[in-house]
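Asker: need a 3D model of the following:
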Amino acid sequence: MALAVGAALTWGLAACTGSEPVAPSTPPPSTSAAPEPPAGSVLLPDGTAEENLAYFDSVNNGIVTALGAPWGRDFIDGLTAAGFDRANMQVTADRTSVDLEADSVQFSVLWGEECLVGQFGPKSGGYHSAVRPALGTGGCLVGATRPIDW
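Answerer: So this is what the prediction gives:
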């Protein structure tokens, strides 16, 4: 009886193993050339505002990381150094009309008929950005902005 059970067990286990090799479940490594740069790592002069938003964000997040509490001028200078056109930028004041620190600063880059808009401040929850349509005035920010004259 033990011989019969052993034979049945051996036959059953042999039936579970395939005679053909099993293909690996992971595909072979790609042999493509150099990897694509991460999205947003370069300015796309012929791209749309939406296509440049990731780069805009990477520049501004770098400024926040480097300075901790940057002012409007820091964003304008950083965006200019990163290749954005200073002539198409706007920024709000860092201080209020009664000389208090502003709750947040807004800054923008006009990009065709759209705007890359950024906002930073401790009372606005850090850094935020968006792509918005340009205003009928040809600018991006509503209300008073400060001259970019430095």
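
Asker: list the buried residues in stretch 92-100.
Answerer: Using 16 or more other C-beta atoms under 10 Å as the test for burial, stretch 92-100 gives Thr92, Asp94. From N, CA and C alone the C-beta is placed, and that goes for glycine too.

Asker: try stretch 66-74
Answerer: For stretch 66-74, a neighbour-count test (16+ other C-beta under 10 Å) marks Pro70, Trp71, Gly72, Asp74 as buried.

Asker: how about stretch 138-150?
Answerer: For stretch 138-150, burial by neighbour count (16+ other C-beta under 10 Å) applies to Cys140, Leu141, Thr145, Ile148.

Asker: what helix or strand is the third one located in?
Answerer: If I follow you right, that is Thr145. Assessed by DSSP states H and E, Thr145 sits outside every helix and strand.

Asker: tell me the pLDDT of it.
Answerer: Looking at Thr145, its pLDDT stands at 97.

Asker: ranges for the strands of this protein?
Answerer: 89-91, 105-111, 114-121, 126-133 (DSSP state E).

Asker: Val142 and Ala134 touch, don't they?
Answerer: No: judged on C-beta atoms under 8 Å, Val142 makes no contact with Ala134 at a distance of 11.6 Å.
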